[in-house]
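**Student:** need a structure here:
(2 chains)
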Amino acid sequence: MVFVYPAVQALWISLHEWNGFQENMVYIGLGNYERMLGDATVWSSLQNTLLITVVGGAAIFLLVFFFSASLQRRIPGKKFFRALLFFPVILPGVGVGLIWQFIFNNNWGPLSLGLNAAGLGFLDRTWLSPENIVSSLTVAIVWTYVGYYLIIVLAGIEKIPSTFFEAARMDGASEWRIFRSVTIPMVWDVLMVAITLWVISALKIFDLIIATTYPSPPRGSFTLTVFVWERAVGMYTPVFQLGYATALGVVLLILVIVGVAVIRAVSRRDVLEY
Amino acid sequence: MYEIAEKTSRRNRRKVASTRWDRGNTPYFVLLCLWAALTIAIFLWVIGNSLKSNQEIFGNSWGFPADPFGTGVENYLNAWNISNMGGYFLNSLGVTAAAVIFTVGFSAPAAYALSRIPFLGSRPVFYYFVAGMGLPFQLILVPLYVLFVDLNLVDSVVGLVVAFTAVSIPFTVLLLTGFFRSLPTELEEAAAIDGTSEFGIFFRIMMPVATPGLFTAAIFNFVVIWQEYLLTALLITSDENRTLPVGLMSMRQSLQYSSDWAAMFAGMVIVVVPSFIIFVALSNRIMGGLTMGTGK
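**Tutor:** Residues are numbered from 1 along each chain as shown, chains lettered A, B, ... in the order given. The predicted structure is shown next:
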């Protein structure tokens, strides 16, 4: 009840203009959606959201491949590395976001200080300036969430019978070849679940972004989640365009559905039984 | 004699195998260590700054704190009392504990029914719970708020518990359905033959067997609810009802007046420490909970 009723209601509200105080909402049909087409913030926030999802996702899964290949090898301290990689996932996003905000601080943050101290001052940027903020955010997001997907993929790898690896090794396959031709096909299903989960949650990231970019990201750096919040509640001054905010929420839902559908279509393969 | 020789040779072989360092491992190991060092450095930096005075943070961001004990205690007391992290902490603890108990309490019977009792529409109901997971909160932000205004649950701790319980149930049901499916049915059949009622089977037979799974689900929900921000920021308006994440943000907000950065770092440590303790004690269960729902 808590989901379907509000979700259906949300679709209805998105067809109205409403500030929450009026007794009656004003029906404007698809007016909110028409307004989006001409709203530059919608397009930039769509772009930022997709950028974080695609670029951040690529970075995360490259790291997941690398780390899972590493943790398959005979290396000391595997459990420690696994736990440490995973740890940021369980921290409150606001805490992680504030930590990154301070890391990115230009006056006394360790990143800028470190670069200057190492004689690499020319690499120093205003990390949270409008043109850099989305990239900086992506770095923070990748660092925070990579452990979650690593754990899922690792659990999938652990289920593969070791005889497959032994057989491949007998046949003289290189580590890379084993990874590409044995590990990846065998964890394909789990990998797709992990990617689906990433897309769903990447589109919804909010607290980390809000905290990292405090007091507020510049308009051009909004993601959809931030934009919905800003239109509904207002960043620090009330806005209360509830109909418009809900319509943006509908767009977010459509993105989730399209994202999941695309992954399902692309990932369809014959099921490997083992 | 022969046996002993074989044993020692086997032991030697194993020893050789475990100490042999494959040179191909080195780049992997080095990169893992770099990543680990980065993560540890970040946390050490935050903890270090929480023990410094404000002047030290700006002037000596890298060095060791000059008087870690004196300034440290002061910072943590400031964060705990003046910035009210203590109050937020208690709110978080109470709300999270209550929501976890209700979530698992409601989810367990539902999951058991879905996994065991075949009834018309159990498949759609299952997918309904799955769909609930994909739904962005942002979509239901406004309707949920309106609903909570109607129910008179805005800005109340009780309302927050209701909201958390409601949003946590879908994933928990999914998690526990998979878990109940993995339990053998023989126990229930035996109990049923002995004349135990459905409720008796559930409470007297299944619950004790399912305790590890329920515990994992509870821990997992605790971690998720503990860090929740969006719903709390939406539903809570007064300071005395805030939970830790929202409280931390309001502390950041007041920083421009107080400019007590050292206390801010102490506040961040206060937010991180409970998660850290839970993680160290129960990391296997948490990671297990994550994969319990996603595996086959």
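**Student:** contacts, neighbours, all on C-alpha from now
**Tutor:** OK.
**Student:** tell me which element the most centrally placed residue in chain A falls in.
**Tutor:** By CA atoms, centre = their mean, chain A has its centre lying nearest to residue A:202, at 2.5 Å. Assigned by DSSP states H and E, residue A:202 belongs to helix A:188-204.
**Student:** so residue B:132 touches residue B:172, yeah?
**Tutor:** No: counting by CA atoms under 8 Å, residue B:132 stays clear of residue B:172, with 11.2 Å between them.
**Student:** how far away is the residue of the stretch 1-150 of chain B found nearest chain A from residue A:244?
**Tutor:** Chain A sits closest to residue B:139 of the stretch 1-150 of chain B, with a gap of 4.0 Å, by CA to the nearest CA. The spacing between residue B:139 and residue A:244, counted by CA to CA, to the nearest Å, is 11 Å.
**Student:** looking at it, residue A:232 is touching residue B:140, isn't it?
**Tutor:** No: counting by CA under 8 Å, residue A:232 stays clear of residue B:140, with 11.1 Å between them.
**Student:** what is in contact with those two at once?
**Tutor:** residue A:246 (CA atoms under 8 Å, 6 or more residues apart in numbering or on different chains).
**Student:** sorry, back to before: comparing residue B:132 and residue B:172, which shows the higher neighbour count?
**Tutor:** When residue B:132 and residue B:172 are compared for neighbours, residue B:172 comes out ahead with 25 against 19, by other CA atoms under 10 Å in any protein chain shown.
**Student:** burial of residue B:162, as a residue count?
**Tutor:** Neighbours of residue B:162 (other CA under 10 Å): 18.
**Student:** Report pLDDT for the residue nearest the centre of chain B.
**Tutor:** The structure's chain B has its C-alpha centroid closest to residue B:223; by CA atoms, centre = their mean the separation is 1.2 Å. Confidence at residue B:223, expressed as pLDDT, is 87.
**Student:** can you tell me the average pLDDT over the helix holding residue A:202?
**Tutor:** Helix A:188-204 comes out at a mean pLDDT of 89.
**Student:** elements contacting that helix?
**Tutor:** helix A:40-72, helix A:133-158, helix A:224-232, helix A:242-267 (3 or more CA pairs under 8 Å, 6 or more residues apart in numbering or on different chains; DSSP states H and E).
**Student:** quick check: angle from the first one to helix A:242-267?
**Tutor:** With axes from the mean of the first three to the mean of the last three CA atoms, to 10 degrees as the criterion, the two stretches helix A:40-72 and helix A:242-267 enclose an angle of 40 degrees.
**Student:** hmm, helix A:40-72 in reach of chain B?
**Tutor:** Yes: part of helix A:40-72 sits near chain B under the criterion CA under 8 Å from any CA of the partner chain, namely A:67, A:70.
**Student:** Can you list the buried residues in that helix?
**Tutor:** A:41-53, A:56-57, A:59-61, A:63-65, A:67-71 (16 or more other CA atoms under 10 Å in any protein chain shown).
**Student:** List of residues touching the following helix or strand past it?
**Tutor:** Counting by DSSP H and E, the next helix or strand C-terminal to helix A:40-72 is helix A:78-86. Helix A:78-86 is contacted by residues A:71, A:145, A:146, A:147, A:148, A:150, A:151, B:32, B:36, B:39, B:283 when judged by CA under 8 Å, 6+ apart.
**Student:** quick one: contacts for residue 136?
**Tutor:** With no chain named, the answer covers chain A. A:127, A:128.
**Student:** let's do chain B instead
**Tutor:** Here residue B:136 is in contact with A:204, A:249, A:252, A:253 (CA under 8 Å, 6+ apart).
**Student:** in the stretch 151-296 of chain B, what residue is nearest chain A?
**Tutor:** For the stretch 151-296 of chain B, CA to the nearest CA, closest residue to chain A: residue B:227, 4.0 Å.
**Student:** and the closest residue to that residue other than its chain neighbours, what pLDDT?
**Tutor:** Sequence neighbours aside, residue A:92 is the residue nearest to residue B:227 in space, at 4.0 Å (criterion: CA to CA, 6 or more residues apart in numbering or on different chains). The model reports residue A:92 with a pLDDT of 90.
**Student:** For residue B:182, grab phi and psi.
**Tutor:** Here is the backbone geometry of residue B:182 (degrees, to the nearest 10): phi -80, psi -10.
**Student:** Can you check the pLDDT for it?
**Tutor:** pLDDT, residue B:182: 79.
**Student:** How many residues are close by residue B:224?
**Tutor:** 18.
**Student:** I figured it hits residue A:89, correct?
**Tutor:** No: counting by CA under 8 Å, residue B:224 stays clear of residue A:89, with 9.7 Å between them.
**Student:** Mind jotting down where the helices sit in chain B?
**Tutor:** B:2-19, B:25-50, B:54-59, B:68-77, B:85-116, B:122-134, B:137-150, B:157-181, B:186-193, B:198-200, B:207-226, B:230-235, B:244-258, B:261-292 (DSSP state H).
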